[in-house]
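Asks: sequence and predicted structure, then a few things I'm wondering about:
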Amino acid sequence: MGLKNGPDSWGWPARLLHWGMAVLIVFMLALGLYASNAELSLARKFELVQLHKSVGATVLALALLRLAWRLLNPTPEQPAGMPGWQQRAARASHAALYALMIALPLSGWLMASASPLNDASLGAARVPNMVWGLFDMPDPFPTGSEGLTDVFFALHVTLVTMLCLMLLVHVGAALKHHFRDRDPVLRRMVRGR
């Protein structure tokens, strides 16, 4: 297993980041839906929201690391004979996925940051933006704005919907390449080559 990407292969860091983030993103989607819709005690809901915030901060950090790694390593070439429109669609969908992997946790952070529940005037009842119980995420603007919270909540929900659609496209394209086109696109993301 090579470290760097080659013209026809993905290195192990790119594959580890890809699959690790895939698991985290699916977990985040399920956790967010469950915490938002299930009948839970206030204490349990608090735990799940804090977990969601921590995993979201991790996803943001990994997305930035993944983007840096991708910029420093060449992307393997597309399979021979792949039509130009598919190559452009692949580039556009990957760019959209990267943008969503960054924008979605940012919108969640901004929503939680603006929340009236994060207002320092609540004292011990304040719901902080803790990351793994280690540190508070900074608040980029004064807390306690219900209007801003609503704006960022709407943005967060819209971005979740867009991410779900992009994931369906991404998985569908990978399966098409593997089962219909019988090219190495999916295989090299799994095995490297």
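Replies: Yep, that arrived. Numbers count the residues shown, from 1 in each chain.
Asks: from here on, contacts and neighbour counts on C-alpha atoms
Replies: Will do.
Asks: where do the helices sit along this protein?
Replies: 12-37, 42-72, 84-114, 146-175, 185-191 (DSSP state H).
Asks: mind putting these into a markdown table with mean neighbour count and mean pLDDT?
Replies: Below are the helices of the chain laid out as a markdown table (neighbours: other Cα atoms under 10 Å; pLDDT from 0 to 100):
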| stretch | mean neighbour count | mean pLDDT |
| --- | --- | --- |
| helix 12-37 | 15 | 95 |
| helix 42-72 | 17 | 93 |
| helix 84-114 | 18 | 94 |
| helix 146-175 | 16 | 94 |
| helix 185-191 | 17 | 85 |
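Asks: in a markdown table: those, plus distance to residue 137.
Replies: Putting the helices of the chain into a markdown table (distance: least, Cα to Cα, whole Å) gives the following:
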| stretch | distance to residue 137 |
| --- | --- |
| helix 12-37 | 18 |
| helix 42-72 | 9 |
| helix 84-114 | 8 |
| helix 146-175 | 16 |
| helix 185-191 | 33 |
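Asks: closest to residue 139 out of those helices?
Replies: helix 84-114 (5.4 Å; Cα to Cα).
Asks: other SSEs contacting the closest one?
Replies: helix 42-72, helix 146-175 (3 or more Cα pairs under 8 Å, 6 or more residues apart in numbering; DSSP states H and E).
Asks: and of those, who's closest to residue 131?
Replies: Nearest to residue 131, of these and by Cα to Cα, is helix 42-72 at 4.4 Å.
Asks: and that closest one, what other elements does it pack with?
Replies: Helix 42-72 packs on helix 12-37, helix 84-114, strand 130-131, going by 3+ Cα pairs under 8 Å, 6+ apart.
Asks: for residue 169, which of these is the nearest?
Replies: The closest of those to residue 169 is helix 84-114. By Cα to Cα, the value is 8.2 Å.
Asks: quick revisit: reformat the helices and strands packed on helix 42-72 as CSV; add distance to residue 160.
Replies: Putting those into CSV (distance: least, Cα to Cα, whole Å) gives the following:
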stretch, distance to residue 160
helix 12-37, 8
helix 84-114, 7
strand 130-131, 21
